[in-house]
Structure formats: structure tokens, C-alpha cells
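Participant: Return atomic coordinates for the entry below.
(chains A and B)
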2 protein chains.
Amino acid sequence: MIEYYDISGCYILRPWAMAIWEIMQKFFDAEIKKMDIQNCYFPLFVSPGVLQKEKDHVEGFAPEVAWVTKSGESELEVPIAIRPTSETVMYPYYSKWIRGHRDLPLKLNQWCNVVRWEFSHPTPFIRSREFLWQEGHTAFATKAEADAEGKKSEMEKFAGGLYTTSVEAFVPNTGRGIQGATSHCLGQNFAKMFEINFENEKGEKGMVWQNSWAYSTRTIGVMVMVHGDDRGLVLPPKVASVQVIVIPVPYKDADTQAIFDACSATVASLSEAGIRAKADSRDNYSPGWKYSHWEMKGVPLRIEIGPKDLANSQVRAVRRDNSAKTDIPRDKLVEQVKEMLDNIQQSLFDAAKQKRDACIQTVKTWDEFVEALGQRKMILAPWCDEEEVEIEVKTRTKGEMGACKSLCSPFDQPELLEGTKCFASGKPAKKWTYWGRSY
Amino acid sequence: MIEYYDISGCYILRPWAMAIWEIMQKFFDAEIKKMDIQNCYFPLFVSPGVLQKEKDHVEGFAPEVAWVTKSGESELEVPIAIRPTSETVMYPYYSKWIRGHRDLPLKLNQWCNVVRWEFSHPTPFIRSREFLWQEGHTAFATKAEADAEGKKSEMEKFAGGLYTTSVEAFVPNTGRGIQGATSHCLGQNFAKMFEINFENEKGEKGMVWQNSWAYSTRTIGVMVMVHGDDRGLVLPPKVASVQVIVIPVPYKDADTQAIFDACSATVASLSEAGIRAKADSRDNYSPGWKYSHWEMKGVPLRIEIGPKDLANSQVRAVRRDNSAKTDIPRDKLVEQVKEMLDNIQQSLFDAAKQKRDACIQTVKTWDEFVEALGQRKMILAPWCDEEEVEIEVKTRTKGEMGACKSLCSPFDQPELLEGTKCFASGKPAKKWTYWGRSY
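Facilitator: Predicted coordinates for the structure are as follows:
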């Protein structure tokens, strides 16, 4: 999927990974277009004046900003930053474009690369200095329109934002949480700094409410970690660029040509039905080698066609996720393959959910918390929601494995009985929050 | 389409422009996928050692390379370049991935941004410091496979390449040529520098032959200049994100609701047939204002629906390119709109071709050449194909308007009669070549 690059923290997305990103892009792009969000493209570069306009924002990103100071042999008059995210790139123009209430809502998105020159352990997909993402930036006339449900703790919110909702993933094997996608309600902070004002129906001045939301190639890394097994990748059918690999299995005395033709015909039938299928007809690798190869690459379903299958007008299907083998009659091919792919998708989801649920541990006291953390659990605990307490939790859990922090507070809050105390401070608890180590 | 940005030479692609790029991308991407080209993504950054490996290449790009020298407050140990193009980014990995003849051909493409810190007049779309493009990079076992027909002059070839074929556009209004897309046969130059070797069927060592090819958002600028008129943009239907704009024209005593409903129904019918249609139902602008607005934005076809149209079960269609008005019966809507869009596409192409052809002037002598250049012609002239002669032509034509250079040599060469002399040097001519000023 990736190749290491000669600049630390940068990785090459090879076609097998890029195809997954393209499928995810296509899906997501179609979804946001239904919501009347329009794509655009803003420059890679940010002038320092603009970058520094929103104080919390620049403090959040400044240490990771890459600066261009030279072109050719010449020093630039003013160093120019590479976007770590595009709030400050875009919003001066929102200020220019938004005049009246009829210009609202303004809903733009871009697919682009961003650069964060991080010094913590670079990890393919998960933490790289350049990554691909989409960033949506919307501006509304009212808070009610901008509002989204769910909040992260004050500390975990986006630099410069009002509150953040996130899709938090959990990787059972390592016992770590990881942010998969986020939406930030920016409130009016940026609007104030960049003077994004409008005149409402009554001719009164208003200030916009903004959201930004993003998801990145990091999600591919989460998928790899959640679904992969000891034999390699396990791709959910919905994102696999090859959903079905068809492998000819000719024995010595078999009619090789007939087998190859059956493979081609199988691919043709599946492709016509919208299934992403491919035959591996290479003659310099054995069927066994091919099985391992495509298993390692995570293809959800393998179809084998040998002399016996030919004779019986059937194909043999082998699932990547559970190795189950099924003989499918040729005339039921498309129907049964579709069903199997749906089934694999659902099974992978169910298995992942089950693993995640098995990792959730509800605790009420500090001792229970420490024990659960040692067992690499995702910990649901009642919390007083105070920033100082989270800082203390981080300090007390710091160690080789990294500190524990609040991951997110679930939308569906368990009942908080009166008198419930914060697991860490003993103060009255305000909400249930997930805690864990994090990528 | 664009907004000027606060960093000189950078522009914002607004949704109206981005939608065109997306349509072009979708088309092109599907075409190259049919050719078994796979998408990938290589990093934005290049380490200086790698960038400098191919001498001609680095000389061609060095003056325009933007350098990152700082992250946060720290100086980087080694400055890092931002890709002006990705030959040197990619080819070290081609060397790693290509081992045997079975690894060939290797055919990769990426859609990305590149940066060339140019100091000549920045112009939206045409010459910007950051632009979007696709770059394809292919490696083959033999020259025959890599070969493509057509050659540019030695001077105009790509830095480090063997020869270049290009789509050269010509803008009649300004009398300038502009490179629309290029394919470079890189020969084995990069293969030598980056050691891209393979073992052939017989176990012998070989070196790959490479091509790279690209087209960029610049093509949008060419489209604007070629088809636009005094009232604004004129979009060819194939690239227009809105092909048909439907405008309600309610008179005072009309059944406004019925008219709006007819507009919605019209959009629904057209959309269902795969035509990109949209209604402008805003109640705060007059129909006349809307006509001008969508004309300026270049929408190929306008449909007006007023009380009379409603009564007659028809719509009125007005072409952007020639203002022709047609009443279309409701029951022929999809069929006739399709036909009109095809017609508009063809008309725009024909008109552009005609304008271009009218600009071509064949010359044989220097005097004829100078006269034609004064008339902003695209000049077809017999040439000795010597680099020094082109340098001289550039020197002799240098002036306010910029120097004249060889644009390209057409694949379909007119007959070159024996004894024909180079228009500039008087030496024996080797081929017919187009000359002109260029963007």
C-alpha cells in the first residue's frame, strides 16, 4: 500500500492504497454534493499575517508549520507557510464574498494535501507530514444552523474552535483510540478575526457561524489496523478496488484454455453487474502463490476455477475473512457473489464492533481506571469535565505507552445518577466520557 | 471562476472553475484507466540530492523551485524542495520496484498540485505559481513501446527529455500560442541517473524507456480565451457544470406557482436524462438580470418558461453561443435539448477551428515571416531544425510583445519540396514548423 520515502514522515501511496482513497472520495464527494456543498481549490500557501490572525489557531499549529523561505537562489521577502489546514487561507475570502444573507449559507469543500511537520513518531497513514484529505468549510447566518450535536472536551477541541464532534476509532490490538474524522463548530471566532459579516433581511449587521470538517487518508490506516489479520490486509468489499480475484487452477491434463476462458467470462459477468473483479492469469505463478498473494492484499473474495468446476458448471468461492469455501453454480454467479460480498462487509463490521465493545470498560474510581488502562481498554468514566483534571490525568498516566486522554463523549450518554462522582477528581460528574491512549 | 489571492501568482479556483476541472478529470481519468494506468500519490517534497540527479532537468527547473527551510521555529537540517514536477520524486522508486521484465510496463499517474515560482507575469490559469494537473509516468522495456509520434524542436523539449509531443493551442485574439498538454519521451536519461534497470526474458540487463505526460488547469484558461466573447464566458456543453439554466418568467397576472412547477419539472426531466440542468428560482432578481448573469457565466443553453409557454406546452430555448431562440414542445424537451447541446458543442469547435485556420499563414522568407508576425499570425515555415537558428529568431523578434519561438511541428507535414530553404537561415529546410509568440 505504501512505500517509505526518503524524507522522514512522508510516504508514497501506491495504487493499492490510492484506489481505496479514490473509492472513499467518490462516495463522500457524492454525499456532500447532495448537501449542496461545492468543491473549490484554494492555494497551498498562506501568508504569515493571515496565518497569525486567529490566536488560538496559530498557537495550535505554529510548531508544525513548514515555511518556504527561498525560490531558486533568492530569499523570499516574506516567508510563506504551507497550509496545515485552510481556515486562514479561506476565510479572508469568505469575508469578501459574503455580503448579505442571500450569500448564506456558503458551503465549500476541497480535496487537497496539507502539511504538518510533526516530530512525534511518523507512522504510515496515521501520522504523516503530508497527507491527503477533504476539508469542508461552511458559514451560516445562525448558530442553530451551524450547530451539530455532541462535544469533545474543552482540551481536545480544535485550535480556535467552539466545540468539536469526532468519529473516534479504537484499535483493539494496541488499545489506542484514533481520531477518524472531525467536525469543528468554530462559532464566531474566525468570523470576528476575519470580519465575516453580513446584512440580514432587516438590514441589520450579523456575523456568520462557521463549521469546518475533515477526514483524511488516516482512515485507511485505521481500516488496516481494525480489519487486518496475520495473513495481511482484509479489505471491506465497499472499499476494495478488487472485490473478487478470479484464479485459474489448471491441472496438468486439464483444458487450460477452457479454464482461462471461464475465468474471463466470470470476470465479464461480475464486472457487468458492477462488481470490481479481476482475473490473475499470469502463467509464471502457481495457483497457491496467487492465493497467498491476493490474501495478503486483502481481496474479499477469491474465485477458483479448475477442471472439476468447469465440468460441474460452477466456481469455487473462498472468503478472505473466514476462509469459508462455497461452490457457486455458474448460473447463480452474480447473485451469490453479491450476497457474499454484502455478507463479508457486514461480518467485518460486526466483528470489529464486537471487538470494540469487548474493549469498553466502565469504571467509576481511579483504581478501576488504572486497572482498565493496564488492560488496554477503552474506558468509559464519569467526569467533572474540567480541563485541569484532564491535565492531571495525563500527568498521572504518563509513561512508556504515552498518556491517557479523553477521547470523546458519546452522543448517547448512559444515565448519570445523581451523586455520581468524577473518577479522577471526585467532584460531581457532569458527563460520561471515553478515555484511553491515543494515536 | 477565480479569485485573486494575497500571494502573487496564486489564485483561488472557485466552484464554477473547479467544477470544470472535475469534469475534465473524470473524463481523462476514465480514459487512462482503460489504458491500465493506475493512480498513486507521491509526496509534495523532494530532497535536494534527488532533485539534482538529472543535470538538464534540474537546470530547467532550478530557478523556479520553492524551498522549505524551516518548520515551526527550527531550521531544517537540509532544505527541502517542493515538486515542480515529479520525475525526480518518483523515479528512485521506479528503480526499486522494477526488477524484471514482468514488472514492466509500469504505468502510474497522479492528480496533484505542483509549484513553480515563476517571475514572469502571473496570469490566472495560464501561468500560476501553484497549479493542479495530472502527471503520468510510464516505463517500458523498449523504445518502440515508449515512442510516440511527433517532435518538438530541440529547444522546446522538456528539460532532460529526448523529445516532446504537445497539444499546442492558439489564441486568435492575442495571436499567441499556448501549450495545452505535453508528452515527453524521456528516453533513458532518467533511467541512467536513477538506475532503473530490469532483467529481460533471457536474463540480460536492460534499461527502461520512459514517458511522462501532463495536462493542467491551464487548459481551462485556454478554453476561456478561445470561446469567450464580449458578454463573458462561453462554456462548451461537455465541460459546463450547468449545461441548461431554466428561468421562470412570471408576468404580473401569471400563475407564478404553475410556472415555477414547470421549471422544476423541466429540470427533473433533463436531469433524469443525464443533462446537467438547474433552475434559477430566486425571487429577488428579475428574469432579465438572470439572463445576463448566466450569459456571463457561459451556460450553453437557457430555457425560459413564461405564461405563453405554459399555455402552449412548450419552453423557449436560447443558445449562449449565437443567441438563437427556439420553442421546444414539452414532449420533445429531452430529445431537442440533447440535440441542441451537441450542436452547440460542434459549433464552438467549428468556429474555433475556423478562427485558428484563418490565423495560419504559410511563409517561406524572413520578410514574409516578419509581416505575418506583425499580423499576429500562427506561422508555418520551413526550418532547418537547428537550435542556433531558433535562438537567432528569438533575438531578432524580441520586443514589447515578447520573442517569437517554434511552437510545434505538425504530425501531418505539408510536402517539403526539394531545395526548400529555412525561412530564417537560408539553409536546407528539414521540416515545416509552426512559429509564433507564446504564453
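Participant: Flag the shaky bits of the stretch 151-300 of chain A, pLDDT-wise.
Facilitator: Counting by pLDDT under 70, the stretch 151-300 of chain A shows low-confidence ranges at A:151-160.
Participant: So which residues of the stretch 251-400 of chain A form strands?
Facilitator: For the stretch 251-400 of chain A, the strands defined by DSSP state E, counting those that start in this stretch cover A:277-279, A:301-305, A:314-319, A:325-329, A:360-362, A:378-383.
Participant: What does the pLDDT read for the residue in the stretch 101-250 of chain A positioned nearest to chain B?
Facilitator: Per C-beta to the nearest C-beta, A:Trp117 is where the stretch 101-250 of chain A lies closest to chain B, at 3.6 Å. Bear in mind the C-beta positions are built from the backbone N, C-alpha and C, glycine included. Looking at A:Trp117, its pLDDT reads 94.
Participant: That one against A:Ala66, yeah?
Facilitator: Yes - between A:Trp117 and A:Ala66 there is a contact under C-beta atoms under 8 Å: 4.8 Å.
Participant: quick one, which of the strands of the stretch 251-400 of chain A is nearest to chain B?
Facilitator: Checking the strands of the stretch 251-400 of chain A against chain B by C-beta to the nearest C-beta gives strand A:277-279 as the closest, at 11.2 Å.
Participant: Check which helices and strands that closest one is in contact with.
Facilitator: strand A:244-248, helix A:256-272 (3 or more C-beta pairs under 8 Å, 6 or more residues apart in numbering or on different chains; DSSP states H and E).
Participant: winner for burial among those?
Facilitator: Mean neighbour count (mean count of other C-beta atoms under 10 Å in any protein chain shown) peaks for strand A:244-248 among these, with a mean of 26.
Participant: from the middle of its chain, how far away would it be?
Facilitator: Distance of strand A:244-248 from the chain centroid (C-alpha atoms, centre = their mean, to the nearest Å) equals 29 Å.
Participant: same question, stretch A:274-281
Facilitator: From the chain centre to the centre of stretch A:274-281 is a distance of 26 Å (C-alpha atoms, centre = their mean).
Participant: Could you pull out the buried residues of that stretch?
Facilitator: Using 16 or more other C-beta atoms under 10 Å in any protein chain shown as the test for burial, stretch A:274-281 gives A:Ile275, A:Arg276, A:Ala277, A:Lys278, A:Ala279, A:Asp280.
Participant: Report the contact partners of the third one.
Facilitator: For A:Ala277, the contacting residues are A:Val242, A:Gln243, A:Val244, A:Ile245, A:Val246, A:Thr266, A:Val267, A:Leu270, A:Ser271, taking C-beta atoms under 8 Å, 6 or more residues apart in numbering or on different chains as the criterion.
Participant: you'd agree the first one is up against A:Ile275?
Facilitator: No - because the distance of 9.9 Å does not satisfy C-beta under 8 Å, A:Val242 is recorded as not touching A:Ile275.
Participant: List of residues touching stretch A:189-206?
Facilitator: Under the contact criterion C-beta under 8 Å, 6+ apart, stretch A:189-206 has outside partners A:53-54, A:56-57, A:87, A:91-92, A:94-95, A:98-101, A:103-104, A:139, A:141, A:160-162, A:207-210.
Participant: Need the residues touching each of A:Trp117 and A:Ala66.
Facilitator: Joint contacts of A:Trp117 and A:Ala66 (C-beta under 8 Å, 6+ apart) are A:Arg129, B:Ser71.
Participant: neighbour count winner among those two?
Facilitator: Between A:Trp117 and A:Ala66, A:Ala66 has the larger neighbour count (other C-beta atoms under 10 Å in any protein chain shown), namely 24 against 21.
Participant: interface residues of the stretch 201-350 of chain A facing chain B?
Facilitator: Residues of the stretch 201-350 of chain A that fall close to chain B, judged by C-beta under 8 Å from any C-beta of the partner chain: A:Arg282, A:Asn284.
Participant: For the stretch 201-350 of chain A, just list every one of the helices.
Facilitator: Taking DSSP state H, counting those that start in this stretch, the helices of the stretch 201-350 of chain A run over residues A:218-227, A:256-272, A:287-296, A:307-311, A:333-359.
Participant: Include distance to B:Ile126 when you put these into CSV, please.
Facilitator: Formatted as CSV, those follow (distance: least, C-beta to C-beta, whole Å):
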stretch, distance to B:Ile126
helix A:218-227, 36
helix A:256-272, 41
helix A:287-296, 46
helix A:307-311, 59
helix A:333-359, 47
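Participant: Let me know which of these is tucked in deepest.
Facilitator: Using mean count of other C-beta under 10 Å, helix A:218-227 ranks as the most buried of those, with a mean of 21.
Participant: Dump stretch A:76-91 to CSV, keeping only the CA atoms.
Facilitator: The C-alpha trace of stretch A:76-91 is given here as CSV (Å, rounded to 0.1, in the frame of the first residue of the first chain):
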residue,chain,number,x,y,z
LEU,A,76,11.7,35.4,-0.4
GLU,A,77,10.9,38.9,1.0
VAL,A,78,8.5,37.3,3.4
PRO,A,79,8.5,33.6,4.4
ILE,A,80,5.4,31.8,3.3
ALA,A,81,3.7,29.0,5.2
ILE,A,82,2.4,25.7,3.7
ARG,A,83,-1.2,25.1,4.8
PRO,A,84,-1.6,22.8,7.8
THR,A,85,-5.4,23.3,7.3
SER,A,86,-7.1,26.1,5.4
GLU,A,87,-9.2,28.2,7.8
THR,A,88,-6.9,31.1,7.5
VAL,A,89,-6.4,30.6,3.7
MET,A,90,-10.1,30.6,3.0
TYR,A,91,-11.8,32.9,5.5
